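Participant: predicted model and sequence below, questions to follow.
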Amino acid sequence: MPELPEVETSKRGISPHISGQKLTNVVVRHPTLRWPVAKDMQRHLFSSKLLKVTRRAKYLLLEFETKTILMHLGMSGSVRITSSGTLINKHDHIDFEFANKKILRFTDPRRFGCCLWFDDPIAQKLLTTLGPEPLSDDFNLEQFTETCKKRKAAIKQVIMDNKVVVGVGNIYAAESLFRASIRPTTPANKISKERLNGLLSSIKQVLANAIEQGGTTLKDFSQSDGKPGYFKQELMVYGREGEPCLNCHTTIKGIRQGQRATAYCPKCQR
DNA sequence: AAAGACACCTGGGAGC
DNA sequence: TGCTCCCAGGTGTCTT
């Protein structure tokens, strides 16, 4: 489910409900996520105030007075605000209960997500390899062209590499490449600086636009208020294999790159 | 250092 | 209706 816009949407959705609140209880029902869920959360966080919720790449950070929690939603995870007494479903793994009676509930059917202490060595290792935030000036043309010069892998694989830029997953990689008229299979080192500049802009625009729309709802992603994300209506190529290009009516082609599905328009993207 | 294959896990849909 | 197979929004790790 979650790429950067979905994580950002989640952050914005949950933050107003729980920021500034003291934690009263933590319930861990299924601690075997990608890595074992942080131990002793209750002891370290009890009565500790949640200062703020922030995001780095696709990680959510719950910054408490005492310690910070780092969460990842994996491929199927979500967080939402609920209240006590609501039905607990099979994959509702963790509840953070706050003094205002609101509950932050972490759900993840495939359990690819994680919930670690920020200062856990595993978490630190995850964070240190991360490249620049796509919407910041750290992700810029000079640095991007330098990186691409050294890479002969397909451009789609390169922009999905966390060391190059964070937060660009399978959906938004495909969409950005369409908007930049670049074929996903093109070796990164064969693309001119001008076209890389177009791609850089497309990535920023697509992500910013998706955040404005509340993310992309494919199956079960929803904003914290339960509404779906509306970016799906703007998808030009992702999931449209075999359908006509919305720009030129050529049939959208579907291929595989590195075990992932890729869709592109063979006429618009060269 | 870079690239590719494989791993983790569950659920949904297609095809038989 | 039920079985098997394939696919899915991510990304760390191991091997070349």
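Facilitator: Ah, there it is.

Participant: all helices of the stretch 101-250 of chain A, in order?
Facilitator: For the stretch 101-250 of chain A, the helices defined by DSSP state H, counting those that start in this stretch occupy A:121-128, A:141-149, A:155-159, A:170-179, A:193-212.

Participant: buried stuff in the longest one?
Facilitator: Okay, so that is helix A:193-212. Buried residues in helix A:193-212, counting neighbours by 16 or more other C-beta atoms under 10 Å, are found at A:196, A:198-200, A:202-204, A:206-207, A:210-211. Quick note: C-beta positions are derived from backbone N, CA and C, even for glycine.

Participant: that older thread, let me have the helices of the stretch 101-250 of chain A in JSON lines, adding mean pLDDT as columns.
Facilitator: Formatted as JSON lines, those follow (pLDDT from 0 to 100):
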{"stretch": "helix A:121-128", "mean pLDDT": "96"}
{"stretch": "helix A:141-149", "mean pLDDT": "97"}
{"stretch": "helix A:155-159", "mean pLDDT": "98"}
{"stretch": "helix A:170-179", "mean pLDDT": "97"}
{"stretch": "helix A:193-212", "mean pLDDT": "97"}
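
Participant: which among those helices is found nearest to A:R12?
Facilitator: helix A:193-212 (8.4 Å; C-beta to C-beta).

Participant: now for the closest one, which elements pack on it?
Facilitator: Here helix A:193-212 touches helix A:4-18, helix A:141-149, helix A:155-159, helix A:170-179, going by 3 or more C-beta pairs under 8 Å, 6 or more residues apart in numbering; DSSP states H and E.

Participant: the ones you listed: which one's closest to DNA strand C?
Facilitator: helix A:170-179 (3.6 Å; C-beta to the nearest atom of the strand).

Participant: got a list of contacts for that closest one?
Facilitator: By C-beta atoms under 8 Å, 6 or more residues apart in numbering, the residues outside helix A:170-179 that reach it are A:3-5, A:155-156, A:159-160, A:168, A:183-184, A:199, A:202-203, A:205-207, A:210, A:216, A:218, A:234-238, A:260-265, A:268-269.

Participant: what's the span of stretch A:258-270, first residue to last?
Facilitator: In stretch A:258-270, first residue to last residue: 20 Å (C-alpha to C-alpha, to the nearest Å).

Participant: would you mark the buried spots in that stretch?
Facilitator: Those would be A:262-265, A:268-269, for stretch A:258-270 by 16+ other C-beta under 10 Å.

Participant: with stretch A:37-50 instead?
Facilitator: Residues of stretch A:37-50 classed as buried: A:37-38, A:41, A:44-45, A:49-50 (neighbour count, 16+ other C-beta under 10 Å).
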